[in-house]
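J.: Have a look; sequence and predicted model below, questions after that.
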Amino acid sequence: QRIDTEYGHSNRKVFVSSGTSGGLALAMLSLVNPGDEVIVFQDNHPSNLIAWVEKGKRFGFSVVTIEQKNPHPGQEYYVETFTRAITPRTKVLCFTHLSSTVGDLMPAKELCRVARERGVLSLVDGAPSFGLLDVNLADMQTDFYSGSAHKWPCGARECGVLYVNKNVQARLWPSIYSAYPGAVG
């Protein structure tokens with residue numbers, strides 16, 4: 001269900017999803033083709049790691065995993081590591097904004113910039129971020145940001161959101177439709 005947000009920015013669209021996993025799944029099914037490559041962070045939630053690996057097996061794209069380092073080696077390390085991993089086949093760069101296991105804060109703005117500069121889409125899992133961090137999507141300039149309301153905001157389970165930058169909305173092909181899809185325009 002698409003909702004126009006009212007923040008004075010015409011490039012913001014939000015899709016209501018059944019939690020972060022639902023939002024990620026919607027994006028995953030629309031962004032890659034056989035022979036493509038996706039880069040993921042090892043400490044992603046299974047819905048943003050295992051799901052990519054399994055879909056890669058089924059649909060013929062490869063998944064490159066960026067190893068998590070403990071203790072956190074600093075944000076510059078991850079910017080350099082993700083940058084080196086990008087190849088001409090890379091279509092999507094996925095990472096968690098704030099890891100749910102050890103609390104690593106990833107350099108989201110910088111990783112999204114690297115992806116943008118190389119023509120790669122950025123997909124950020126923000127489930128642990130909502131209610132804990134000030135999330136500024138205009139500053140981050142990500143293509144996709146998925147989050148949930150049941151963690152720090154203490155909302156209902158299965159209530160999530162997928163932000164989709166206006167520049168990539170046409171690339172999404174929703175697979176679930178219902179009545180009353182929301183106002184458009």
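T.: Received the coordinates, thanks.
J.: Run through the residues that contact residue 154.
T.: With contact taken as C-beta atoms under 8 Å, 6 or more residues apart in numbering, residue 154 is in contact with residue 131. C-betas here are computed from N, CA, C, even on glycine.
J.: actually residue 81, sorry about that
T.: residue 66 are the contacts of residue 81 under C-beta under 8 Å, 6+ apart.
J.: which SS class is it?
T.: helix (DSSP: H, G, I helix; E, B strand; the rest coil).
J.: Break down this structure into its helices, ranges please.
T.: Here the chain has its helices, by DSSP state H, at 19-31, 50-59, 75-85, 108-117, 137-140.
J.: and the gap between residue 93 and residue 117?
T.: If you measure residue 93 against residue 117 using C-beta to C-beta, to the nearest Å, the figure is 11 Å.
J.: again but with residue 66, I slipped
T.: In this view, residue 66 and residue 117 are 18 Å apart by C-beta to C-beta.
J.: Which one's more surrounded, the two?
T.: Between residue 66 and residue 117, residue 66 has the larger neighbour count (other C-beta atoms under 10 Å), namely 19 against 10.
J.: Surely the more buried one touches residue 39?
T.: Yes. If you go by C-beta atoms under 8 Å, residue 66 and residue 39 touch, sitting 6.4 Å apart.
J.: what's the overlap in contacts for the two?
T.: Residues within reach of residue 66 and of residue 39 at once, by C-beta under 8 Å, 6+ apart, are 82, 85.
J.: most tightly surrounded among the helices of the chain?
T.: helix 19-31 (a mean of 22; mean count of other C-beta atoms under 10 Å).
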